[in-house]
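J.: the following comprises the amino acid sequence and a computationally predicted model.
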Amino acid sequence: MHLFIGMSEQALLALASSPLPSWAVQWAHQIEQAFAPARDIIKPVLASWWTLGIWAGLNITSLGVLWWDIRKRNQNLPSMMKFVWSLVIAYSGPLGLGVYWFTGRTQLESDSLWKTGFRSTSHCYSGCGMGEVIGITAATIILSFSTLWVTVVTFSLAYIAGWSLTVGPLMQEGVGFGEAMWDAFYSETPSITIMEIAAIGTDLLLAGGAKWTTPLFWTALLFSLTIGFIAAYPVNVALIMVGVKEGMGNPAEMDGSPSGSSGDRDTSSAD
């Protein structure tokens, strides 16, 4: 996969010959140099088939726990949130399961800003992660795009998928198409942008030159998704604090109806 941040001189030369300005190329090179020590530690671990197998096993087991809990104890969760949590845990395994367990179940005894922030980030993460997985795999495996176009396609699909998972629930609530489009753009763009810069950048840093037939391609993709989630969390908390987002509702108050499955909404439009 022709990924560009610092994996080889060939990749940097390809970036330098792209339409990007020289300052962007230099900036990418400086970031690569800054994170090189961490990459040199993490990359050999991710490049192991054992790591991929263990990671896949943990994620599958975590999904099983989620579906068991939903079937036995949390059937009242809206279908949208069941879908969201399934994707979150498919990407991040035990970490995603922990976020669901402490912030997304109907057994939640009390709510707080940090819990609302996790639910809001998870909602964004589910769509963006789906777009990123489709973007990177399709652009690399099927289309054999260059570095620049892999990045453009991946970011675009991640943004569209994350944005759509907000527009859809808002329209289910009865919000008009135009208002839902604006609300989603206004409330989701900051968190999606930070999430994808962190996720795509991490994947490029770790898996530059990796072929899809190697474990590094897949482990780096999963690892980068989780990094994107972590990076976007404080952004979502800040957006909720300043009133740009209302945040996801308390799951203890959800009853499975369309009104209970709402996504984040721009409070300026809700007033």
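T.: Arrived safely.

J.: okay, now the unreliable bits of the stretch 151-271 of the chain?
T.: 170, 172-173, 255-271 (pLDDT under 70).

J.: can you tell me the element Trp218 falls in?
T.: helix 215-241 (DSSP states H and E).

J.: in that helix, what's buried?
T.: Buried residues in helix 215-241, counted by 16 or more other CB atoms under 10 Å: 215-229, 231-233, 235-237, 239-240. (Glycine included, C-beta is placed from N, CA and C.)

J.: over to stretch 134-150?
T.: Neighbour-count burial for stretch 134-150 [16+ other CB under 10 Å]: Gly135, Ile136, Thr137, Ala139, Thr140, Phe145, Ser146, Thr147, Leu148, Val150.

J.: what two of these are the furthest from one another?
T.: Maximum pairwise distance among these (CB to CB): 17.4 Å, between Thr137 and Leu148.

J.: including pLDDT and secondary structure, could the buried residues of stretch 134-150 go into TSV?
T.: Below are the buried residues of stretch 134-150 laid out as TSV (pLDDT from 0 to 100; DSSP: H, G, I helix; E, B strand; the rest coil):
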residue	pLDDT	secondary structure
Gly135	89	helix
Ile136	88	helix
Thr137	88	helix
Ala139	85	helix
Thr140	83	helix
Phe145	77	coil
Ser146	73	coil
Thr147	72	helix
Leu148	76	helix
Val150	82	helix
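
J.: can you list the residues you listed in TSV and add distance to Gly53?
T.: Shown next, in TSV, are the buried residues of stretch 134-150 (distance: CB to CB, whole Å):
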residue	distance to Gly53
Gly135	25
Ile136	21
Thr137	19
Ala139	26
Thr140	22
Phe145	29
Ser146	31
Thr147	29
Leu148	33
Val150	26
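
J.: so which of those comes closest to Gly178?
T.: Nearest to Gly178 out of the buried residues of stretch 134-150 is Gly135 (CB to CB; 27.0 Å).

J.: assess the claim that that closest one and Ala158 are in contact.
T.: Yes: Gly135 lies in contact with Ala158 (CB atoms under 8 Å); the separation is 6.3 Å.

J.: phi and psi next, for Glu109.
T.: phi -80, psi -30 (degrees, to the nearest 10).

J.: not counting its neighbours along the chain, what's nearest it?
T.: Ala252 (7.6 Å; CB to CB, 6 or more residues apart in numbering).

J.: what's the helix holding Trp218 packed up against?
T.: Packing partners of helix 215-241 (3 or more CB pairs under 8 Å, 6 or more residues apart in numbering; DSSP states H and E): helix 22-46, helix 49-72, helix 79-103, helix 113-137, helix 177-207.
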